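Asker: Mind folding the following:
(chains A, B, C and D)
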Number of protein chains: 2
Amino acid sequence: MFEQLFKSIQEKVTLTQEEMEVCKTFFIPKKLRKKQTLLQEGDICIYNAFVEKGIMRSFFIDQKGNEHIVQFAIEGWWITDLSSFLTNTNSIYTIEALEDCELLLFTTQAREALMEKIPRFERYQRLLLQNAYIANQARINSALTETAEEKYIKLGIAYPGIIKRVPQHMIASYLGLKPETLSRVRKQISNRM
Amino acid sequence: MFEQLFKSIQEKVTLTQEEMEVCKTFFIPKKLRKKQTLLQEGDICIYNAFVEKGIMRSFFIDQKGNEHIVQFAIEGWWITDLSSFLTNTNSIYTIEALEDCELLLFTTQAREALMEKIPRFERYQRLLLQNAYIANQARINSALTETAEEKYIKLGIAYPGIIKRVPQHMIASYLGLKPETLSRVRKQISNRM
DNA sequence: TAATTTTCTTGACCTAAATCAATAAAATTT
DNA sequence: AAATTTTATTGATTTAGGTCAAGAAAATTA
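Answerer: Model prediction:
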């Protein structure tokens, strides 16, 4: 149940066996079936969810009624509405399982308490936030500079696992493209090979 | 010299008079003339810069030779290449003064040391990172959902000071538009009023 | 204040991606 | 296995914003 989580933590900081045992008690294991939601738009996001198994997505609907996927999370990744989670405000995102999932839920309080108890855990959390920030920065630059084809190819290189496991129209949504456009982009790429 | 900085800190955490004095010793005051740079693309960004006076920008040039402004920073804001600063890697951004500026420079080491010495300062730093993350998230959503006109109007509402102080083609660059497009957008808006 | 550089505007035209519409193929559910 | 829903493809057309080019107005510098 905790393999992925400890793998993720040990990549960034070192915890003793004892600390890892303490750690476990702060997480709530939770199974979600495909299409079930962890968070509904408008609610306050009280969990940061670590994905042990399966794949999740967060998305929102804009004023024009278009759905936009904000993030995918596969095994070993965290997913939450960080803005809502950190500042206790209503979420604009919905978080949903795309496959049957096994999650480890981490509440705001558990997070505070565990950071208090295990200082190195705070470092882990800070590094996660840094990485999330850097990934977002890259995504802004991508949205501003790349063509549809470049975006798709780069995503395929960076996260081949996601492209294989997620319906194509959701990849399109994540990249800010229409499904028809992504279909055409893919055709063009394969025509050239 | 430190008014803006302490104002920024006190908005988020409370420091004693003594702590503020300690704080001061960790910053390097630096004046930059218009067009001078704090960071050149390719260098490692060793400073997080706080703007006491003036206005700074960070930008990069993409493969196609187009310049993209990543951030503006006016009085009371921080500017750096966070990715380079936090992970000690070569920067892809250049950071430049758009007006004569007074900065307070904060090195990686000073940051670590001050966070060690004044724990509440670590909280301030964490809150800054959170805010930066949330702002970036909003910017991605904006890039993905808004028209040129919406982007410009929202920027004007959120940061009227920036629109007034920065050349229009730089606003365009920040919004991911061409200067001609922004000029036309502005004409359309004023025609309707 | 003349010269240069930077900034902004406008027109004509182009293009990448969106939109609308129709099918077809897969996957799920009954 | 039939019915339904989800997913993907393809064609015709539109459109928001980009590109190219020229000129004017401001701001800087000499």
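Asker: DNA strand C contacts on chain A?
Answerer: Chain A has residues A:66, A:147-149, A:176-178, A:180-181, A:185 near DNA strand C, with proximity defined as CB under 7 Å from any atom of the strand. (Glycine included, C-beta is placed from N, CA and C.)
Asker: go with 6 Å
Answerer: A:147-148, A:177-178, A:180-181 (CB under 6 Å from any atom of the strand).
Asker: Mind picking the two most distant members of the residues you listed?
Answerer: A:147 and A:180 (15.7 Å; CB to CB).
Asker: Identify the nearest residue to residue A:136 in space, disregarding sequence-adjacent positions?
Answerer: Nearest residue to residue A:136, sequence neighbours excluded (CB to CB, 6 or more residues apart in numbering or on different chains): residue B:136, at 4.4 Å.
Asker: Isn't that neighbour up against residue A:133?
Answerer: Yes: in this structure, residue B:136 is within contact of residue A:133 by CB atoms under 8 Å, at 6.7 Å.
Asker: Can you check which residues contact both of these two?
Answerer: With contacts defined as CB atoms under 8 Å, 6 or more residues apart in numbering or on different chains, no residue is shared by residue B:136 and residue A:133.
Asker: restrict the residues of chain A next to DNA strand C to those near DNA strand D?
Answerer: Among those, DNA strand D is touched by residue A:180 when using CB under 6 Å from any atom of the strand.
Asker: so can I have TSV of the residues of chain A next to DNA strand C showing neighbour count and secondary structure?
Answerer: Listed next are the residues of chain A next to DNA strand C as TSV, based on neighbours: other CB atoms under 10 Å in any protein chain shown; DSSP: H, G, I helix; E, B strand; the rest coil:
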residue	neighbour count	secondary structure
A:147	10	coil
A:148	17	helix
A:177	20	coil
A:178	14	coil
A:180	10	helix
A:181	15	helix
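Asker: is it true that residue A:105 lies in a helix?
Answerer: No: Residue A:105 sits outside any helix when classified using DSSP: H, G, I helix; E, B strand; the rest coil, being strand.
Asker: any idea how far the residue in chain A that DNA strand C sits nearest to lies from residue B:145?
Answerer: In chain A, the residue that lies nearest DNA strand C is residue A:181 (3.1 Å; CB to the nearest atom of the strand). Distance, residue A:181 to residue B:145, by CB to CB, to the nearest Å: 16 Å.
Asker: The residue nearest to residue A:66 when sequence neighbours are not counted: how many residues sit nearby?
Answerer: In this structure, residue A:66 finds its nearest non-sequential neighbour in residue B:145, 7.1 Å apart by CB to CB, 6+ apart. Close neighbours of residue B:145, defined as other CB atoms under 10 Å in any protein chain shown, add up to 17.
Asker: Perfect, I'm done here.
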